[in-house]
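> Here is the input, now give the coordinates:
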Amino acid sequence: MPGRFRFGAGVSSKVALEVAGSFAPDTIKESLESVKVETLGWLSEQTDDTLDRVPNFWQNIERVEGYTAPEVWAEIASLEGIPAWQILARPCISHIRAHIGEVETVLQSVSGHRPTGTAG
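Residues are numbered from 1 along each chain as shown. Model prediction:
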């Protein structure tokens, strides 16, 4: 998959749908498997010291087409200057929270009441 499609922050829904529709399911599956293997390999090599380092965020992202576009940078600028473990953790945590919210909304609309265990 082209590098410019590997990052979702700041991408419009229209572009996301175009990207999703431009690849065959088998291509997406192969790409996801490749990313998974590469990512797990990289993670297995990390130590507390490497995860505590503050990477040169801007230098790393400017190598990939689209990562420095203003609409993307607006979404990720808060990741600059923080340790690597936080760069990994913040999107994971917020992504999970977004999906939990989506599930709760669907459950509420289906059942007509707030799901058990939710605040608010």
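
> Which pLDDT value belongs to Val106?
Looking at Val106, its pLDDT is 78.

> Ile93 versus that one, what's the distance?
Per Cβ to Cβ, to the nearest Å, Val106 is found 21 Å from Ile93. C-beta coordinates here come from the backbone N, C-alpha and C atoms, glycine included.

> Could you do Gly10 as well?
Relative to Ile93, and taking Cβ to Cβ, Gly10 is found at 19 Å.

> So between these two, which is more surrounded?
Gly10 (16 against 10; other Cβ atoms under 10 Å).

> if I read this right, the more buried one contacts Ala69, doesn't it?
Yes - judged on Cβ atoms under 8 Å, Gly10 makes contact with Ala69 at a distance of 6.8 Å.

> Okay, and the residue nearest in space to the middle of the chain sits in which element?
Among the residues of the chain, the one closest to the centroid is Pro91, at 5.7 Å (Cα atoms, centre = their mean). Assigned by DSSP states H and E, Pro91 belongs to helix 84-111.
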